[in-house]
Each structure stands twice: as C-alpha cells, then as structure tokens.
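Chemist: Sequence below, structure please.
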Amino acid sequence: MPTYAANVPLTFYGGLAGALAPFACFFAGVAALALNGAPDEKGFWPILLAALTLGLLLARDRARYAEAMLDGMSQRVVMVMLCAWLFAGVLGAVLGASGFVGALASLANAAHLTGGAYVGAAFLVCVVVSTATGTSFGTILICGPLLYPAGGPANAAPAALMGAILAGATLGDSMSPVSDTTIASSGTQHVDIGGTVRSRLAYAIPAGLAALVASTLLGGNGSPRATDSQQFAPGAVHAAPLLLLASPALVIGLLLAKRHLIEALLLGIASAVGLGLLLGLITPFDLLHIDATAFGATGIIVDGMQRAVGVSVFTLLLVALVGTLQATDAVDRLVLAAQGKASSVRGAESWIVGVVSVAVLLTTHSVVAILAVGEFARQTGERFGVSGYRRANLLDMTVCTWPFLLPYFLPTILAASASKSGAAFGMPAVSAASIGLHNTYAWALAVAVVFAVVTGYGRGREVDADGVSNR
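Modeler: Model (predicted):
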C-alpha cells in the first residue's frame, strides 16, 4: 500500500487554482445540466466523476488525494444524513401511499379556498409536509403535482402558487429537525439538533409569517371555476389519512426532546405503518411483496428507500470532492483571513455568512457547502464567542436562501418541472426564474439573516450546552 503524509496539506499543480479547478468543472457541468432541465441528482454523477478525475490528475500526491476522498465520505455527519434520508424516505412513502398529502389538498379545496387564500393554504400544506419529512425536494415532487393543478379551479396566480409551494418547502426544510441541513449545521458546530431547532424558530417563524402574507397577497383574489376533475372535489375528502399527522408529530416531538435521530425516525415509521394498517389505508402487501416478473422485492418500503439513492450517491461523491479541498490548507487560509479582518462578533458572523454563501454558490449543494465551511465557521465563531447554536443557524439559514432563489439550482428546477402537471387544469408551466422570484420565504429569510447579523437580533438568547453565549 502506498505511503503518504496525512498531516501534510494536499497540494495541486497550479496551487490554489489547481485545487479549485475540479469545483469549477463541477459547477460548469451542473449549471449546464440544470439549465437544460436535469431531472434529478443522478444526472450529476458523471459530472462529479469527471471533477474527481480532474482533481486526481492535478494532485501532486495521488494516494493522498484518494485518501482525502475517503476521509470526506466517511465523516460521521455524512453517515447520519444518509440514514436520515433512507428512513425519512420510507416515512414519506408510507404517508404518501396512505393518502396523507392528498387528504390535505382536498381539505383545502373543501374549505372553498380561492385565489390568494388557496395559495396561502398551499404554502401551509407544504410547510407541514416538509417539516415532517425534512426534505424540500420530496415536498416539491409530492405536493407540486397535487397542489398546483388544483390552483386552476381556485383561479390562483400560477407563478405565485408554485412560488408558494417552493416557499413552504423551504420553510419546512429550514425548521425540520430531520432536515439534512439541520443535521449538517448542528453536527459541524458540535451542538444538539433539538436546541438548534428551538433557537432557529426565532428567525424562521417571523420570516414564515411574512412569507405567508406576501404569498397570499400575490396569489390574487379569484373565484372558483368549473373543472371536470373530481380529484379535489369536497366529497373526496377523507379524514382517516389526516390521523397520520401523529407520526411526523411523534418524530418532531422526540427530536425536540433530544432523543436520538435514528430512534425518532424508526418510531415514526412504525407508528405510520401501524396507523396505516389499522385504518385500512395500506395493506401488508403494499408494504412489501415479491415481484416475480422483476425477480425482486418491491413495495412502499423499498420505494421509500430508493428515493434516497440518488441524493445519497450524489452526496457521497460530492463530499469526496469537498474532502480533497479540506485536505489542503485552503480552509486554514480562510480562518486566518477572518482572524485578520474580523474585529467583532458582527464581523465574525458576516464572515460566516459570506463564506458559506460563496461555498453554496460554488458547489450548488447546501449540505456540502455547510460541510465545506463548517470547521471555518466553528473556529471563527468560537474566537469571538459566537455560540454553537448561533453558528449553526447562520449556516443553515444562509444555505436555505440561494438554492431556492436562483434558477440553476435543483429546487427551482424541480419546481418548474412540477408546474408542467397543471396543463389539464388551465395552469401553465412556470419558469425556474419566475418561481425563485416568487419564493417569498427565501427572500424573507435572506432579509432575516442580514438583520440578525447587523442588529444582533437573537444573539444573546442563543446559549449552547457548554454555556457559550455571544459576547
């Protein structure tokens, strides 16, 4: 086995430019695919392989480069995220198969919500689903095709409605204790998830209320119009699926009580399966059965786990790429730069927000951006007495803005794709740029981040488990 100096920074031909060249390759490839409507993370796998190969060719010590890739993939926080996605995928699949989301959508229509009122209701539905499942992507893919077409009969403004669906998914993702960004931000700052979520509510709730009001106003004041579809008719409302709200509520309650994430998710799955079977919404055959024609097993559980395959492989490859950058002295340079320029708590927080913004714009992936600058944020924040909860919140809130606003990021691309489902109901497809422009929560959250840093709002109340508070 080749030997290498693990304590020596990884260097590249071309210096820092050589170290960043693989990221430039990745960014260019992802941007090209996203702008051409790449449907999911699987399309990015070849781009990542190309970027990793380019990095290997530019690395002065290729064995060290390979080990740095493995170090990036083997981080405990990455494994926690993969487990969370797998189990959250199963929970989401059980809820979907039980008619949970459909019942919420039908309930909104049964209340005769139209125009802006319907847009506001769609926002709230997506908040519930995203908070429960911890995935904005899953919320867009599940709720978009259900809620957007129903906006036709409700005469809702198309761009405002799809923007509200994305905004609700964004808000839920930023508040959910099972969100990948919540896990990554709290993990890199060495603080518990429950405390991080509780302290984040001081920012998320005001921004969410402002977003709800804005989406409602932008949604119009239309009146119902006729439709041939009975999918969302008031008579189609069934109360039984709504009882499954107990399952995501159990998961959130356990995590807020500082129980283990894996415990909470497994108990949530067990309760959802139990309720679904008891209420007759699903059958044992639905959960798992043998498909002889495909020579394998299939069902809700298998389908739920398969939902996590794309994002899991994508994340593993991307954190491998980030691991190669972490093996250099680039992060140390950033820390030194911050130490030399930041002279106050406000300055340190500004550096944290600025650096993670650059990282997420470069990598186009929220979690990877957090992982890439997590140590930088921890060291810079600790130097100025910024608490772990505060650092985690600044990281998480920042990465919940740009990817949900700009048209070449996956959330806006997926939302644009989901808007194609409304043609039969008189709802036109909406562009990714227009949807991002109407994501009222991401805009409100961006304002909240700037306000919190400039004014110090929330700074003194965030004391972590070690008693660290902002000075």
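
Chemist: where in the stretch 51-200 of the chain is pLDDT low?
Modeler: Residues of the stretch 51-200 of the chain meeting the criterion pLDDT under 70: 100-109, 141.

Chemist: let's go with 90 and repeat that
Modeler: By pLDDT under 90, the weakly predicted segments of the stretch 51-200 of the chain are 71-115, 121, 125-126, 128-156, 173-181, 183-184, 193-194.

Chemist: which residues in it form helices?
Modeler: Secondary structure of the stretch 51-200 of the chain (DSSP state H, counting those that start in this stretch): helices at 62-73, 76-97, 100-110, 115-133, 136-150, 158-175, 180-188, 193-218.

Chemist: looking at the ones you listed, which is buried most?
Modeler: helix 158-175 (a mean of 30; mean count of other Cβ atoms under 10 Å). Glycine gets a C-beta too; all of them are placed from N, C-alpha and C.

Chemist: wait, isn't residue 82 in contact with residue 308?
Modeler: Yes: Residue 82 lies in contact with residue 308 (Cβ atoms under 8 Å); the separation is 7.4 Å.

Chemist: Need the overlap of contacts for the two.
Modeler: Residues touching both residue 82 and residue 308 (Cβ atoms under 8 Å, 6 or more residues apart in numbering): none.

Chemist: ok now the helix or strand encompassing residue 412, how far from the chain's centre?
Modeler: Applying DSSP states H and E as the criterion places residue 412 in helix 410-418. Centre-to-centre, helix 410-418 and its host chain are 13 Å apart (Cα atoms, centre = their mean, to the nearest Å).

Chemist: same thing with stretch 51-66?
Modeler: Per Cα atoms, centre = their mean, the centroid offset for stretch 51-66 relative to its chain is 30 Å.

Chemist: Show residues contacting it.
Modeler: Contact with stretch 51-66 is made by 2-6, 8, 10-14, 18-19, 21-23, 25-26, 29, 69, 317, 320-321, 324, 327, as judged by Cβ under 8 Å, 6+ apart.

Chemist: Buried ones among those?
Modeler: Those of these that meet the buried threshold are 4, 10-12, 18-19, 21-23, 25-26, 29, 69, 317, 320-321, 324, 327, by 16 or more other Cβ atoms under 10 Å.

Chemist: ok, back up a step: now distance to residue 367 too, for the helices of the stretch 51-200 of the chain, in JSON lines please.
Modeler: JSON lines is the format used below for the helices of the stretch 51-200 of the chain (distance: least, Cβ to Cβ, whole Å):
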{"stretch": "helix 62-73", "distance to residue 367": "12"}
{"stretch": "helix 76-97", "distance to residue 367": "7"}
{"stretch": "helix 100-110", "distance to residue 367": "24"}
{"stretch": "helix 115-133", "distance to residue 367": "16"}
{"stretch": "helix 136-150", "distance to residue 367": "12"}
{"stretch": "helix 158-175", "distance to residue 367": "11"}
{"stretch": "helix 180-188", "distance to residue 367": "5"}
{"stretch": "helix 193-218", "distance to residue 367": "14"}
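
Chemist: For residue 313, find the nearest of those.
Modeler: Residue 313 sits nearest to helix 76-97 of all the helices of the stretch 51-200 of the chain, at 9.8 Å, using Cβ to Cβ.

Chemist: now that closest one and helix 136-150, what's the angle there?
Modeler: For helix 76-97 against helix 136-150, the angle by axes from the mean of the first three to the mean of the last three Cα atoms, to 10 degrees is 30 degrees.

Chemist: Check whether residue 304 really touches residue 91, as I assumed.
Modeler: Yes: look at residue 304 against residue 91 with Cβ under 8 Å: they come within range, at 7.3 Å.

Chemist: check contacts around residue 264.
Modeler: 177-178, 250-251, 254-255.

Chemist: Now flag whichever of these is closest to residue 149.
Modeler: Using Cβ to Cβ, residue 178 comes nearest to residue 149 of the contacts of residue 264, at 28.1 Å.

Chemist: how many neighbours does the residue lying closest to residue 403 once chain neighbours are set aside have?
Modeler: Nearest non-adjacent residue to residue 403, counting by Cβ to Cβ, 6 or more residues apart in numbering: residue 409, 4.1 Å away. Residue 409: 22 surrounding residues under other Cβ atoms under 10 Å.

Chemist: what's the distance between residue 435 and residue 369?
Modeler: Here the criterion is Cβ to Cβ, to the nearest Å. By it, residue 435 lies 21 Å from residue 369.

Chemist: Whatever helix or strand residue 357 lives in versus helix 180-188: what angle between them?
Modeler: For residue 357, the host element (DSSP H and E) is helix 345-363. In terms of direction (the same axes, to 10 degrees), helix 345-363 departs from helix 180-188 by 130 degrees.

Chemist: What is helix 345-363 packed up against?
Modeler: With contacts defined as 3 or more Cβ pairs under 8 Å, 6 or more residues apart in numbering; DSSP states H and E, helix 345-363 has these neighbours: helix 16-35, helix 330-341, helix 366-383, helix 388-399, helix 440-455.

Chemist: least reliable of those helices going by mean pLDDT?
Modeler: Comparing mean pLDDT across these, the weakest is helix 330-341, with a mean of 64.
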